[in-house]
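**Student:** Build me a model from this:
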Amino acid sequence: EGGGGGSSYGGASSRLAGAPSQKQLLYAAALAVRHRVGLSFEVLSSKAACSAFIDQHSQEAPPDSPPPPAAVPAPEGASPLFRDEDIPF
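**Tutor:** Predicted coordinates for the structure are as follows:
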């Protein structure tokens, strides 16, 4: 008895052996945001797929994006939204 398993998921070590590292996942997520694309389940769960995603998107230029809006100064004499002493840090 024992051994063999029978679970279609395999043991914990076999599942984790092919999983991307936390560093890979964070980098893939950052690239996905920059390129405005989603991350598939495969990319999130397979070290090979995650590496391929990183390779592809780290070599591509991100799409053009409009510049962030400029900050608009408060009108002169306007009361502040909060007082410095109200901020607890």
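**Student:** what about the helices in the protein?
**Tutor:** With DSSP state H as the criterion, the chain has helices at 12-17, 22-35, 41-45, 47-59.
**Student:** which of those helices has the lowest average pLDDT?
**Tutor:** Note on the helices of the chain: lowest mean pLDDT is at helix 12-17, with a mean of 51.
**Student:** Can you say which of the helices of the chain is nearest to P69?
**Tutor:** Closest to P69 of the helices of the chain, according to Cβ to Cβ: helix 22-35, at 18.7 Å. (C-beta placed from N, C-alpha, C; glycine too.)
**Student:** Now do the buried residues in the closest one.
**Tutor:** Buried residues in helix 22-35, counted by 16 or more other Cβ atoms under 10 Å: 24-25, 27-28, 31, 35.
**Student:** helices or strands next to it in the packing?
**Tutor:** Applying 3 or more Cβ pairs under 8 Å, 6 or more residues apart in numbering; DSSP states H and E, we find helix 22-35 packed against helix 41-45, helix 47-59.
**Student:** picking up where we left off before, now distance to P73 too, for the helices of the chain, in JSON lines please.
**Tutor:** Formatted as JSON lines, the helices of the chain follow (distance: least, Cβ to Cβ, whole Å):
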{"stretch": "helix 12-17", "distance to P73": "53"}
{"stretch": "helix 22-35", "distance to P73": "29"}
{"stretch": "helix 41-45", "distance to P73": "43"}
{"stretch": "helix 47-59", "distance to P73": "38"}
